[in-house]
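>>> Sequence and computational prediction follow.
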Amino acid sequence: MASHLDHDVVLGLLTGHARSVLVREGALDASTRFEEDLRADSLDLVEIIEGVERDLNARGVDLDLPDDTLLAVRTLGDAADAVLAHARTNKVRGGGVR
């Protein structure tokens, strides 16, 4: 079964993992800043992205974010854009990216 990704789906995955990793309550949206609003450091960001990567792999989508791209991420929205730009369909498992 194909699994389609869009900005809202990826943002939801990122938000869920940010809440889990950073133990955060309250509203998180695309403009939420990792460093200033969430007090997240680079290791927190890597852990959040790895969680999203696991979720996407389960949907048949491979994700490989280059380090320079990860370093440029400032907000949850930036992270969602980066994930969508670097997500690739795993043709063996039949996932999909839209």
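Nice, thanks for sending it over. Residues are numbered from 1 along each chain as shown.

>>> Quick one: the strands in the protein, in order.
Secondary structure of the chain (DSSP state E): strands at 61-63, 87-89.

>>> how about these, which one is nearest Ala79?
Nearest of the strands of the chain to Ala79, taken as Cβ to Cβ: strand 61-63 at 11.2 Å. Every C-beta, even on glycine, is put in place using the N, C-alpha and C of the backbone.

>>> Show me what the closest one is packed up against.
Packing partners of strand 61-63 (3 or more Cβ pairs under 8 Å, 6 or more residues apart in numbering; DSSP states H and E): helix 42-58, strand 87-89.

>>> The same query, at a cut-off of 7 Å, please.
Strand 61-63 sits against strand 87-89, with contacts defined as 3 or more Cβ pairs under 7 Å, 6 or more residues apart in numbering; DSSP states H and E.

>>> so for the strand it packs on, what's the average pLDDT?
Strand 87-89 carries an average pLDDT of 78.

>>> Make TSV from the strands of the chain and add distance to Ala40 and mean neighbour count to it.
Formatted as TSV, these follow (distance: least, Cβ to Cβ, whole Å; neighbours: other Cβ atoms under 10 Å):
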stretch	distance to Ala40	mean neighbour count
strand 61-63	19	19
strand 87-89	21	17
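
>>> CSV for those strands, including distance to Gly77?
Output for these, formatted as CSV (distance: least, Cβ to Cβ, whole Å):
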stretch, distance to Gly77
strand 61-63, 17
strand 87-89, 16
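
>>> Of those, give the one that comes closest to Val10.
strand 87-89 (8.0 Å).

>>> Tell me who's in contact with the residue minimising distance to the centre of the chain.
Most central in the chain under Cα atoms, centre = their mean is Leu14, positioned 4.4 Å from the mean C-alpha point. By Cβ atoms under 7 Å, 6 or more residues apart in numbering, Leu14 lies in contact with Ile48, Val52, Leu76, Ala79, Ala80.
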